[in-house]
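*Asks:* coords below, sequence missing:
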């Protein structure tokens with residue numbers, strides 16, 4: 001089961017609520033704080049849910065402007081101490 005809105009981590013989960021993260025690959029950079037972590041629902045036949053909360057992890061990060069963005073663990077990484085000081 002996912003850990004929506006908590007700072008508890010499960011075995012496969014890479015980030016927890018409160019972690020400072022950055023998305024720095026691609027067209028834009030996004031600094032934020034993880035505010036929610038959940039597993040993507042695995043769709044079944046006819047759009048029904050076969051095995052809820054067993055898909056890949058997703059993380060909702062919020063930046064200073066209050067913008068929320070959903071990321072996969074491959075898109076973000078932890079912010080280093082040096083990056084936090086900027």
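*Replies:* Everything's here; your move. Keep in mind it's a predicted model, so treat the numbers as computed, not measured.

*Asks:* switch to C-alpha atoms for all contacts and neighbour counts from now on
*Replies:* Will do.

*Asks:* Give me the secondary structure label for the most centrally placed residue in the chain.
*Replies:* What sits nearest the mean C-alpha location of the chain, by Cα atoms, centre = their mean, is residue 59, with 1.3 Å. For residue 59, the assignment made with DSSP: H, G, I helix; E, B strand; the rest coil gives strand.

*Asks:* Can you tell me the element the residue lying closest to it once chain neighbours are set aside falls in?
*Replies:* Computed as Cα to Cα, 6 or more residues apart in numbering, the closest residue to residue 59 that is not its neighbour in sequence is residue 37, at 4.6 Å. Assigned by DSSP states H and E, residue 37 belongs to strand 30-39.

*Asks:* ok, and the closest non-adjacent residue to residue 72?
*Replies:* Leaving aside its sequence neighbours, residue 72 sits nearest to residue 58 (Cα to Cα, 6+ apart; 4.8 Å).

*Asks:* Show the residue spans covered by the strands in this protein.
*Replies:* Using DSSP state E, the strands of the chain run over residues 20-23, 30-39, 42-43, 49-51, 57-62, 68-72, 77-78.

*Asks:* returning to what we had before: note down every partner strand of the strand holding residue 37 and its orientation.
*Replies:* Counting by DSSP bridges, the strands paired with strand 30-39 are strand 20-23 (antiparallel), strand 57-62 (antiparallel).

*Asks:* count of residues packed around residue 30?
*Replies:* Per other Cα atoms under 10 Å, the neighbour tally for residue 30 reads 17.

*Asks:* And for the closest residue to it other than its chain neighbours, the neighbour number?
*Replies:* Closest residue in space to residue 30, ignoring its immediate chain neighbours: residue 23 at 5.0 Å, by Cα to Cα, 6+ apart. Look at residue 23: counted by other Cα under 10 Å, it has 20 neighbours.

*Asks:* Could you check how far residue 23 is from residue 42?
*Replies:* Applying Cα to Cα, to the nearest Å, the value for residue 23 to residue 42 is 25 Å.

*Asks:* Ok, residue 26 next?
*Replies:* Applying Cα to Cα, the value for residue 26 to residue 42 is 27 Å.

*Asks:* Phi, psi for residue 75 please.
*Replies:* Dihedral pair for residue 75: phi -90, psi -20, per degrees, to the nearest 10.
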